[in-house]
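Asker: coords below, sequence missing:
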């Protein structure tokens with residue numbers, strides 16, 4: 001009686017590849033939300049007022065991320081942790097000392113020629129000023145300032161109006177305190193002592209972090225995530241790998257940028273090109289304005305070296321060409337999505353951390369924001385950080401599709417559909433996105449959130465999307481029997497739900513492009529009073545689509561009986577799209593319903609129809 005065709009059960013609890021099929025209702029902020037807001041205000045205030053303590057500690061932690069790969073490499077070579085840490089620190093200090101020595105010697109050689117460069121720049125500025133004045137005179141009626149009649153000359157000596165005598169100016173001399181040696185030394189050393197003090201603190205703390213790295217990790221796990229070791233371990237590994245990869249990639253990119261700039265300035269003929277290359281590489285760690293700051297001094301020196309403007313133009317061209325190539329070609333290829341930050345969040349983070357911590361905050365904005373995004377991805381209470389700052393889409397493709405259907409915007413839904421169809425195919429899009437989005441609509445309709453008029457609007461929008469996607473459907477005729485290509489060979493009938501019409505349209509399109517002759521009819525045409533007028537003489541397969549079957553499928557059983565009486569020798573296939581529907585797996589329920597085939601996906605419906613069409617005629621007949 002039943003056809004032994006392949007059935008495609010839908011697994012209970014399985015989730016579609018593109019995201020959840022249930023939209024959680026919004027929660028009204030209560031005491032917990034207000035408490036979270038208060039905690040956020042306290043944290044921001046603590047970051048601002050505690051910056052003198054937090055900045056060195058943060059720099060030390062980030063420095064440990066930079067040096068830890070070298071320490072791990074030495075550890076893999078059987079070097080004990082203590083010697084590995086000290087060797088890494090000595091290597092970093094030696095590298096910094098070598099760079100400092102090179103910069104110092106180069107700057108010292110440049111100092112002798114600085115007065116001549118200054119005079120050249122002054123002459124150029126004077127020439128530019130004279131040129132601007134002469135050009136302005138062309139568009140100005142008066143080219144020189146004329147004194148008003150009777151106005152005294154400002155340079156004339158002051159004359160006593162009564163005595164008629166000329167008063168000589170009284171000389172005045174200001175005598176200041178004699179300079180104190182200790183005060184002069186303090187004024188000279190003060191700008192140097194504070195950065196040196198910060199550097200020492202950062203270095204010492206970084207050494208202790210590297211020495212106690214495993215112990216600190218265990219303490220963090222014990223403090224924040226001992227109840228969920230798996231999630232905490234993944235979060236720590238994710239943060240460590242992202243930060244280390246980001247720092248090493250940025251170090252490599254900025255070093256290469258400095259080398260290219262240094263070599264280019266050397267070819268141009270600018271003095272001490274190594275200094276400018278190092279300066280450009282270091283300043284490029286500052287987001288947005290680093291490359292501009294690195295170009296200012298080379299351009300100024302070029303203006304002082306060359307009496308003309310040729311060298312200045314070459315230096316400007318070097319930075320104008322190199323920076324976009326590095327920023328828009330090399331960095332995206334190297335970084336990719338490793339940072340996980342959206343472009344807008346990078347700008348907002350730069351503004352926020354600069355306001356909190358000043359210029360140091362601007363430099364640290366990227367790694368600090370990256371840490372916040374990692375926390376948001378692994379801590380449910382902080383998920384809003386990942387939503388606000390991360391680069392992952394805020395809505396899944398299923399939710400985005402449903403939202404566009406609710407907004408009656410099939411054009412944007414079509415843009416999304418074309419992108420997914422080009423990557424995964426039309427059938428996968430219908431099954432994994434459109435069908436799941438319609439399930440969301442059906443769930444909202446059952447809850448009373450979507451009324452009937454809005455449901456009809458969703459169906460109309462979906463039909464428009466299906467119509468526009470018709471050109472993307474693959475033309476893959478696989479029907480050997482020409483009878484299956486006759487019009488009406490496969491009759492697709494919508495269930496009694498409003499949204500079933502949209503699903504039926506998708507089934508009809510997929511079958512038609514596989515070579516079937518398909519006819520799509522509404523549920524009203526198979527009602528008790530109209531099914532007698534329905535012509536099913538040429539039908540070989542009837543496909544019913546039920547997106548909203550419900551808990552009592554009696555209406556489906558009666559519909560199958562009516563179709564049996566109208567077309568007793570036609571196979572009936574029921575598409576039960578609700579996820580986890582018992583009729584997809586329970587043989588007793590299937591026998592009670594009386595259909596021949598049960599499928600849970602559009603791909604399964606197409607495959608079942610193809611399998612039935614490929615069978616010999618004797619095997620298709622129903623006893």
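Answerer: Perfect, thanks for sending it. In this text the structure is predicted, and so the values were computed from the model without any measurement.
Asker: Counting residues, name the longest helix you see in the protein.
Answerer: helix 229-268 (DSSP state H).
Asker: which strands and helices sit next to that helix?
Answerer: helix 51-76, helix 213-224, helix 273-283, helix 290-305, helix 310-325, helix 331-335, helix 359-378 (3 or more CB pairs under 8 Å, 6 or more residues apart in numbering; DSSP states H and E). Glycine gets a C-beta too; all of them are placed from N, C-alpha and C.
Asker: Would you single out the least confident of those helices?
Answerer: Comparing mean pLDDT across these, the weakest is helix 331-335, with a mean of 67.
Asker: what's the angle between the longest helix of the chain and helix 359-378?
Answerer: On the basis of axes from the mean of the first three to the mean of the last three CA atoms, to 10 degrees, helix 229-268 is oriented at 140 degrees to helix 359-378.
Asker: Show me what counts as buried in helix 229-268.
Answerer: By neighbour count on 16 or more other CB atoms under 10 Å, the buried set for helix 229-268 is 232, 235-236, 238-239, 242-247, 249-250, 253-254, 257-258, 260-262, 264-265, 268.
Asker: Could you do stretch 309-326 as well?
Answerer: For stretch 309-326, by 16+ other CB under 10 Å, it's 311, 312, 314, 315, 318, 319, 322, 323, 326.
Asker: same check, this time on stretch 268-285
Answerer: Applying 16+ other CB under 10 Å to stretch 268-285 flags 268, 270-284 as buried.
Asker: Just name the shakiest helix or strand of the chain by mean pLDDT.
Answerer: helix 617-620 (a mean of 56; mean pLDDT, DSSP states H and E).
Asker: so where is the stretch 501-623 of the chain shaky, pLDDT-wise?
Answerer: 549-552, 578-583, 617-623 (pLDDT under 70).
Asker: residue ranges of the strands in it, please?
Answerer: 518-521, 541-546, 571-576, 597-599 (DSSP state E, counting those that start in this stretch).
Asker: Would you mind giving those strands as CSV with distance to residue 607 and mean neighbour count added?
Answerer: Putting the strands of the stretch 501-623 of the chain into CSV (distance: least, CB to CB, whole Å; neighbours: other CB atoms under 10 Å) gives the following:
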stretch, distance to residue 607, mean neighbour count
strand 518-521, 16, 20
strand 541-546, 13, 26
strand 571-576, 11, 26
strand 597-599, 8, 26
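Asker: Out of the ones you listed, flag the one nearest residue 105.
Answerer: Closest of the strands of the stretch 501-623 of the chain to residue 105 is strand 597-599, at 78.8 Å (criterion: CB to CB).
Asker: Quick one: list the elements packing against that closest one.
Answerer: Against strand 597-599 (3+ CB pairs under 8 Å, 6+ apart) you get strand 571-576, helix 602-614.
Asker: Quick one: closest of these to residue 537.
Answerer: Using CB to CB, the helices and strands packed on strand 597-599 put strand 571-576 closest to residue 537, at 15.0 Å.
Asker: tell me the centre residue of the protein?
Answerer: residue 391 (1.9 Å; CA atoms, centre = their mean).
Asker: so where's the stretch 151-300 of the chain uncertain?
Answerer: Across the stretch 151-300 of the chain (using pLDDT under 70), the flagged ranges come out as 151-192, 223-228, 230-231.
Asker: about what we covered before: ok and the longest helix of the chain relative to helix 51-76, angle-wise?
Answerer: Using the same axes, to 10 degrees: helix 229-268 against helix 51-76 is 90 degrees.
Asker: now helix 229-268: how far from the chain's centre is it?
Answerer: Counting by CA atoms, centre = their mean, to the nearest Å, helix 229-268 is centred 18 Å from the centre of its parent chain.
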